[in-house]
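Colleague: quick one, structure for this:
(2 chains)
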There are 2 protein chains.
Amino acid sequence: MNIPAKVINRLALYHFILEDVREEEQYISSSKIAQLLNIDNSQVRKDFKYLDNSGKCRVGYEVKRLKQAIEVCLGFKQKKDAFIIGAGNLGSALAKYDSFKDYGLNILAMFDNDPAKVGTTINDKEVFDITKVGNLARRLNVDIAILTVPRDYAKNVAMYLAGAGIKYIWNFAPCILDVPDDVKVWNENLIGSFLQFTNNDEV
Amino acid sequence: MNIPAKVINRLALYHFILEDVREEEQYISSSKIAQLLNIDNSQVRKDFKYLDNSGKCRVGYEVKRLKQAIEVCLGFKQKKDAFIIGAGNLGSALAKYDSFKDYGLNILAMFDNDPAKVGTTINDKEVFDITKVGNLARRLNVDIAILTVPRDYAKNVAMYLAGAGIKYIWNFAPCILDVPDDVKVWNENLIGSFLQFTNNDEV
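Modeller: Coordinates of the predicted model:
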């Protein structure tokens, strides 16, 4: 089932809320969730229709079951191994972002072309020379790369990654990558996000 | 005019493409843009309808005018001053992200509660003690905060920011902030973004 991107985004936000519910609270209402996110209750209930068993009962939604249903729906348990390409500030910040693991994203290693960085370790992730990416991708069976190199290098590095067998690039650089059709790119686009924030009222 | 969030996001991506067009190329087709982003040509043309004067002519779109139209539409020239709250890895990475300025986002200062960080400077932005945020927000007329503190502190810090007069919070912590109604929160939600990437095919 192809779930619309906005629904996936909201399901992740609902999960954040459920994570913060105190243990003694067994149930939560869709209106409580809607109120915390400042959206319509009907939107929340519509989104829940994508879940297999949302745990709805007379007194609300069972917190535990709802959480689990979101996890199954979005594949938190299906571990996805990935590399971070670029061990600069943003790359390091993402390498230290331990929450990723809870959602199925497992960062195995980092890559850079700066000799001063190669061989160092950031949050237990070793930084390798960028020329090693193809070899390690094959050996570790990794096809996801998180691209955090500066804008001016991003296109070239993306092309190199495509050659090295990477099939999915999560691109944090503010530019559009022009890679072969068998490589899928997801543009993080922080700029666009900021512009949404200042131009729009949607969640 | 309220432009849908997804359209804003795509307009920002179109702008990235236009930035990379070589100077001698005066025109660009919507189909070229669509192909680079792997989306429908009709989508691109539909999005352009939000622009005042897209520069459409017989041979395509005038690159310069199209770029300008996007800039006007999304308010790149309307400078928005902001603070970064949390001078850790992510906060520092964002402080060093010079592209923000081109899109109207001007980071004036950073705040943290770690005495080792207070008084330091990251990319020309001074780190102040968090207790100074209300005073500086008033004096500098800033009401936008970029929240990059760890998850466990985010809710409390957000409440503090609300008390200090901040009206807009761009939240990078993976949790939902519960602030008074006069404070608008935009959740960056990197987790949701990753899940979209692995669960969905949309741009």
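Colleague: how about low-confidence regions in chain A?
Modeller: A:1, A:200-203 (pLDDT under 70).
Colleague: domain map for it?
Modeller: A:5-72, A:80-192 (automatic domain parsing).
Colleague: in chain A, spot the strand with the most residues.
Modeller: When chain A is parsed with DSSP state E, its longest strand is strand A:105-112.
Colleague: against which helices or strands is that one packed?
Modeller: Using 3 or more C-beta pairs under 8 Å, 6 or more residues apart in numbering or on different chains; DSSP states H and E, the elements in contact with strand A:105-112 are strand A:80-85, helix A:89-95, strand A:125-129, helix A:133-140. Bear in mind the C-beta positions are built from the backbone N, C-alpha and C, glycine included.
Colleague: dump that strand to PDB, restricted to CA.
Modeller: Extracted C-alpha coordinates of strand A:105-112, given in PDB (Å, rounded to 0.1, in the frame of the first residue of the first chain):
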ATOM      1  CA  LEU A 105      17.700   3.400  10.300                       C
ATOM      2  CA  ASN A 106      21.100   1.900  11.200                       C
ATOM      3  CA  ILE A 107      24.200   3.900  10.300                       C
ATOM      4  CA  LEU A 108      27.100   1.600   9.700                       C
ATOM      5  CA  ALA A 109      29.900   3.900   8.600                       C
ATOM      6  CA  MET A 110      30.800   7.300   7.400                       C
ATOM      7  CA  PHE A 111      32.900   8.400   4.400                       C
ATOM      8  CA  ASP A 112      34.900  11.600   3.700                       C
END
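Colleague: after it comes which helix or strand?
Modeller: strand A:121-122 (DSSP states H and E).
Colleague: each with direction, which strands does that following strand pair with?
Modeller: Looking at strand A:121-122 with DSSP bridges, its partner strands are strand A:125-129 (antiparallel).
Colleague: contacts for the strand it pairs with?
Modeller: A:84, A:87, A:95, A:107-113, A:117-121, A:136 (C-beta atoms under 8 Å, 6 or more residues apart in numbering or on different chains).
Colleague: adding mean neighbour count and distance to B:Gln196, write the domains of chain A out as TSV.
Modeller: TSV is the format used below for the domains of chain A (neighbours: other C-beta atoms under 10 Å in any protein chain shown; distance: least, C-beta to C-beta, whole Å):
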stretch	mean neighbour count	distance to B:Gln196
domain A:5-72	17	5
domain A:80-192	19	7
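Colleague: so which of the ones you listed is nearest B:Ile166?
Modeller: With C-beta to C-beta, the closest approach to B:Ile166 among those belongs to domain A:5-72: 16.4 Å.
Colleague: over to the closest one now: how far is its first residue from its last?
Modeller: For domain A:5-72, the first-to-last residue distance is 16 Å (C-alpha to C-alpha, to the nearest Å).
Colleague: please enumerate the helices of chain A.
Modeller: A:5-20, A:30-37, A:41-48, A:63-74, A:89-95, A:99-102, A:133-140, A:151-163, A:190-199 (DSSP state H).
Colleague: ok, back up a step: what is the nearest of the contacts of strand A:125-129 to A:Gly55?
Modeller: Once C-beta to C-beta is applied, the member of the contacts of strand A:125-129 that ends up nearest A:Gly55 is A:Ile107, at 31.7 Å.
Colleague: what sits against the closest one?
Modeller: A:Ala82, A:Phe83, A:Ile84, A:Leu94, A:Ala95, A:Phe100, A:Lys125, A:Ile146.
Colleague: swap in A:Phe83?
Modeller: A:107-111, A:133, A:136-137, A:142, A:144-146, A:166.
Colleague: show me what it is bridged to.
Modeller: A:Ala109, A:Ala145.
Colleague: please apply the same query to A:Ile122.
Modeller: A:Lys125.
Colleague: wait, it sits on A:Met110?
Modeller: Yes - if you go by C-beta atoms under 8 Å, A:Ile122 and A:Met110 touch, sitting 6.3 Å apart.
Colleague: tell me, what's touching the two both at once?
Modeller: A:Ala87, A:Gly91, A:Ala95.
Colleague: possible to save those residues as TSV with distance to B:Leu37?
Modeller: Output for the shared contacts of A:Ile122 and A:Met110, formatted as TSV (distance: C-beta to C-beta, whole Å):
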residue	distance to B:Leu37
A:Ala87	28
A:Gly91	24
A:Ala95	28
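Colleague: now those residues in JSON lines, with distance to chain B?
Modeller: Putting the shared contacts of A:Ile122 and A:Met110 into JSON lines (distance: C-beta to the nearest C-beta, whole Å) gives the following:
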{"residue": "A:Ala87", "distance to chain B": "12"}
{"residue": "A:Gly91", "distance to chain B": "8"}
{"residue": "A:Ala95", "distance to chain B": "9"}
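Colleague: quick one: which of those is nearest A:Val63?
Modeller: For these, the nearest to A:Val63 is A:Ala95 (31.4 Å; C-beta to C-beta).
Colleague: got phi/psi on A:Glu25?
Modeller: phi -90, psi 110 (degrees, to the nearest 10).
Colleague: against chain B, how distant is it?
Modeller: Distance, A:Glu25 to chain B, by C-beta to the nearest C-beta, to the nearest Å: 15 Å.
Colleague: was I right to think that residue contacts A:Val63?
Modeller: Yes - taking contacts as C-beta under 8 Å, A:Glu25 lies within contact range of A:Val63: 6.5 Å.
Colleague: got the contact list for A:Ser54?
Modeller: Contacts of A:Ser54 (C-beta under 8 Å, 6+ apart): A:Phe48, A:Tyr61, A:Arg65, A:Leu66, A:Ala69.
Colleague: show me which pair in the residues you listed is furthest apart.
Modeller: Maximum distance among the contacts of A:Ser54 (C-beta to C-beta): 11.3 Å, for A:Phe48 and A:Arg65.
Colleague: quick one: contacts for A:Ile17?
Modeller: A:Ile28, A:Ile33, A:Leu36, A:Leu37, B:Ile176.
Colleague: got TSV for those, with distance to A:Asn53 too?
Modeller: Below are these laid out as TSV (distance: C-beta to C-beta, whole Å):
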residue	distance to A:Asn53
A:Ile28	15
A:Ile33	17
A:Leu36	23
A:Leu37	22
B:Ile176	23
